[in-house]
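Asker: Prediction below, plus the sequence it came from.
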Amino acid sequence: MKYSIITSSFNQLPNLVKLKGHLDWEEEFQDSQWIVADDGSTDGTLEWLDQQDIQFVTQKDEGYQLTKILNKAAAIAKGDYLVWIMGDSYPKEDFLKELDKIVAPNRLVNGIRINVND
């Protein structure tokens, strides 16, 4: 497995549904793992993740503890590379294909987040 895509979430069900749509068309995603790192959602996110058979880790909502839940997700990741996507972000088309061109052992690759209207 090449990529483990880790997505942080807190009550972001509509965004996760949209993100799933973005990931589903990505051919390289078929050999990847998607883990949602949930920080105590109460909006139906966990039930939806279960129904979709999407792997997730969760913790009780005790305030903002993003790093703690992201570390839990990273601990169960099986990919050669970790890809971090915020729950309200959507990658550009073919982002994993583009990532394939530049990833290498011992190399950190980062991207940027651009806020655009839906």
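Answerer: Alright, I've got the coordinates.
Asker: Bridging across strands, which residues link to residue 5?
Answerer: According to DSSP bridges, the residues that bridge with residue 5 are residue 34, residue 83.
Asker: which residues does it contact?
Answerer: 23, 29, 32, 33, 34, 35, 79, 83, 85 (CB atoms under 8 Å, 6 or more residues apart in numbering). (Each C-beta comes from the backbone N, C-alpha and C, glycine too.)
Asker: Residue 64 now?
Answerer: Remark: with contacts taken as CB under 8 Å, 6+ apart, residue 64 is in contact with residue 39.
Asker: For the contacts of residue 5, please prepare TSV with the additional fields neighbour count.
Answerer: Supplementary listing: these in TSV, determined by neighbours: other CB atoms under 10 Å:
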residue	neighbour count
23	20
29	19
32	18
33	19
34	22
35	24
79	16
83	22
85	20
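Asker: looking at it, residue 44 is touching residue 13, isn't it?
Answerer: Yes - shown here, residue 44 and residue 13 form a contact pair, counting by CB atoms under 8 Å, at 5.5 Å.
Asker: Could I get the full set of helices for this protein?
Answerer: Taking DSSP state H as the criterion, the chain contains helices spanning 13-24, 45-52, 66-76, 95-100.
Asker: Of all those helices, which one comes closest to residue 109?
Answerer: Put simply, out of those the one that sits nearest residue 109 is helix 95-100, at 6.8 Å, with distance taken as CB to CB.
Asker: who's in contact with stretch 87-94?
Answerer: 7-10, 12, 15-16, 18-19, 22-23, 25-26, 36, 85, 98, 113.
Asker: Please type out the PyMOL selection for whichever of the residues you listed turn out to be buried.
Answerer: Selection command for PyMOL covering only the buried members of these, criterion 16 or more other CB atoms under 10 Å:
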select buried, resi 7+8+9+10+12+15+16+19+22+23+26+36+85
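Asker: Can you give the contact residues for stretch 20-35?
Answerer: Applying CB under 8 Å, 6+ apart, the external contacts of stretch 20-35 come out as 1-7, 52, 54-57, 73, 76-79, 90-91, 93-97, 100.
Asker: I am finished for the moment; much appreciated.
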